[in-house]
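Engineer: build me a model:
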Amino acid sequence: MVSAPLWQCPQCDRTFANRNQTHTCARLADLDAHFARAEPHVRKLFDAFADAVRANGEVDILPEKTRIAFHVRMSFAQLSVRRSYLVGHLVLARRIDDPRFTKVETFSPRNHLHAFRLDRAEELDEQFRGWIAEAYAVGLQRHLAR
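Structural biologist: Coordinates of the predicted model:
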């Protein structure tokens, strides 16, 4: 497992696995502001997703301007709030072809972005929670130790 200390940006205070990591350097937004125009069930859906992530361990939830990132050593998942649903992605070390993923982008042999849409908490079933656990391990950079 990778255990090098994280670098903290002196301007925005975000942490990164790589020193001087390129990023959009901005202060974090207010989490609740992301839900100002959303239907109430969307916040509950977000909370269910966040609980599924937290089941794997500690996580920083970073409300950015247009998205909410989930970060440990690196960001491994993100959600964007829509009026009646969430869109997001998981970063996995393997490619998974499943109809629940609306798009899969491969960046390298161990870096695959899996986009999805969530409408109901029931979609966060055992299989989806397994994918969240895999993404959390990528966030810890465990996939690099293989």
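Engineer: now do the SS call for the spatially most central residue of the chain.
Structural biologist: Nearest to the mean C-alpha position of the chain, counting by CA atoms, centre = their mean, stands Ala77 at 1.4 Å. Recorded secondary structure, Ala77: strand (DSSP: H, G, I helix; E, B strand; the rest coil).
Engineer: in this protein, where is pLDDT below threshold?
Structural biologist: For the chain, the stretches flagged by pLDDT under 70 are 1-3, 7, 9, 12-13, 15-26, 145-146.
Engineer: wait, the residue nearest to the centre of the chain sits on Val91?
Structural biologist: Yes: look at Ala77 against Val91 with CB atoms under 8 Å: they come within range, at 7.0 Å. Backbone N, C-alpha and C define where each C-beta goes, glycine included.
Engineer: what sits in contact with each of these two?
Structural biologist: Contact criterion CB atoms under 8 Å, 6 or more residues apart in numbering; residues shared by Ala77 and Val91: 135, 139.
Engineer: for the chain, which segments count as helices?
Structural biologist: 40-54, 126-139 (DSSP state H).
Engineer: between the longest one and helix 126-139, how big is the angle?
Structural biologist: Same thing as helix 40-54. Interaxial angle, helix 40-54 versus helix 126-139 (axes from the mean of the first three to the mean of the last three CA atoms, to 10 degrees): 60 degrees.
Engineer: output the contacting helices and strands for helix 40-54.
Structural biologist: strand 68-71, strand 75-81, strand 86-92, helix 126-139 (3 or more CB pairs under 8 Å, 6 or more residues apart in numbering; DSSP states H and E).
Engineer: how far away is the residue nearest to Ser84 when sequence neighbours are not counted from His112?
Structural biologist: Spatial nearest neighbour of Ser84, chain neighbours left out: Glu39 (5.1 Å); criterion: CB to CB, 6 or more residues apart in numbering. Separation of Glu39 from His112 (CB to CB, to the nearest Å): 31 Å.
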